[in-house]
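# give me a 3D structure for the following:
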Amino acid sequence: MKDIQNQRDFRNIPIDKVGIKNLRYPITVLDRKNEVQNTVATINMYVDLPHEYKGTHMSRFVEILHLLRPEISLQGIADVLGQMKKHLNAASAHIEVSFPYFIEKAAPMSKAPGLLDYTCRISGSSGPDHKVDLISEVVVPISSVCPCSKEISDAGAHNQRGEVHLSTRFKKFIWMEDMIELVESTASCEVFSVLKRVDEKYVTEKGYENPKFVEDVVRDIAEKLNKDDNITWFSVSAENFESIHNHSAYAHIMNSKGNDFPLDSPQALV
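Residues are numbered from 1 along each chain as shown. I've put the predicted structure just below:
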């Protein structure tokens, strides 16, 4: 049959990224406590397209994706990037895997169990030099109490729910749970899915005694990451969905810690 994608294009314009977006796919990811966890990912996959080709073979992306099964891992994603370049005749390949990740958290005082979901993402790229660049990201809900409100008020202080995005590059494997716990430790108080009255009293009082601006949150996280020799690059942002304003408060820090990227090999990350 005639292969339209392989026909020559005469506009002489290369394409940086072409592929598929928002493919929902069942995956298995590593779980620090339970070894593995089944979830459903949203996956984007792209390659570059040289100027002489009319199109790429979209169906091959899904076929290659089976190489990830049954488990998403850093080494597995590195292998898929190589297969994408090989089977699609590409110089560069990119993949983004986003998924909800569930952690069982006990309420702080009553110890009532509940599941809390976090958005996690693994992004990978491989260029013409065959170097593989992998980034892990977590999105963590937090609560914060405004230090200014507490200082100037005779009683009480306004508080709000917030969200922290933390992305890291690293030398050796790091658990998603470790990234999540690092973020939660810098909040006024972490978020729980189940709270009894005794727990609500605890989180209210803990937040009040530990007020944080978004600036405080990102600086506290950055301070810890700067001391971690395993972390080679990070990006952290905090957004508070303000309870007394019709806008959010936002802060962002990015630091390469003096390292060159992408990393030399996926083996260094596993």
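# tell me which helix or strand the residue sitting nearest the centre point of the chain sits in.
The centroid of the chain falls nearest to residue 137 when counting by CA atoms, centre = their mean (1.9 Å). Using DSSP states H and E, the element containing residue 137 is strand 132-145.
# parallel or antiparallel, which strands does that strand pair with?
strand 113-126 (antiparallel), strand 159-170 (antiparallel), strand 189-190 (antiparallel) (DSSP bridges).
# quick one: these as JSON lines, columns for mean neighbour count and mean pLDDT too.
To be clear about C-beta, it is placed using only N, CA and C from the backbone, and glycine gets the same treatment. Output for the strands paired with strand 132-145, formatted as JSON lines (neighbours: other CB atoms under 10 Å; pLDDT from 0 to 100):
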{"stretch": "strand 113-126", "mean neighbour count": "18", "mean pLDDT": "97"}
{"stretch": "strand 159-170", "mean neighbour count": "20", "mean pLDDT": "96"}
{"stretch": "strand 189-190", "mean neighbour count": "22", "mean pLDDT": "97"}
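# sorry, back to before: distance between the strand holding residue 137 and the chain's centre?
Relative to its parent chain, strand 132-145 has a centroid offset of 5 Å by CA atoms, centre = their mean, to the nearest Å.
# which element follows it toward the C-terminus?
helix 147-152.
# how about that next one: buried residues?
By neighbour count on 16 or more other CB atoms under 10 Å, the buried set for helix 147-152 is 147, 150.
# can I get the CA coordinates of it in PDB?
C-alpha atoms of helix 147-152 as PDB (Å, rounded to 0.1, in the frame of the first residue of the first chain):
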ATOM      1  CA  PRO A 147       2.500  35.300  58.600                       C
ATOM      2  CA  CYS A 148       1.400  38.900  58.000                       C
ATOM      3  CA  SER A 149      -2.200  38.100  58.900                       C
ATOM      4  CA  LYS A 150      -1.200  36.500  62.100                       C
ATOM      5  CA  GLU A 151       1.100  39.300  63.000                       C
ATOM      6  CA  ILE A 152      -1.400  42.200  62.500                       C
END
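# hmm, back to that, and the strands paired with strand 132-145 as JSON lines, adding distance to residue 209?
Shown next, in JSON lines, are the strands paired with strand 132-145 (distance: least, CB to CB, whole Å):
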{"stretch": "strand 113-126", "distance to residue 209": "23"}
{"stretch": "strand 159-170", "distance to residue 209": "12"}
{"stretch": "strand 189-190", "distance to residue 209": "9"}
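# those: which one's closest to residue 211?
Nearest of the strands paired with strand 132-145 to residue 211, taken as CB to CB: strand 159-170 at 8.6 Å.
# tell me the mean pLDDT for the helix or strand following that closest one?
Scanning forward in sequence from strand 159-170, with DSSP H and E defining helices and strands, the next element found is helix 176-184. The average pLDDT for helix 176-184 rounds to 98.
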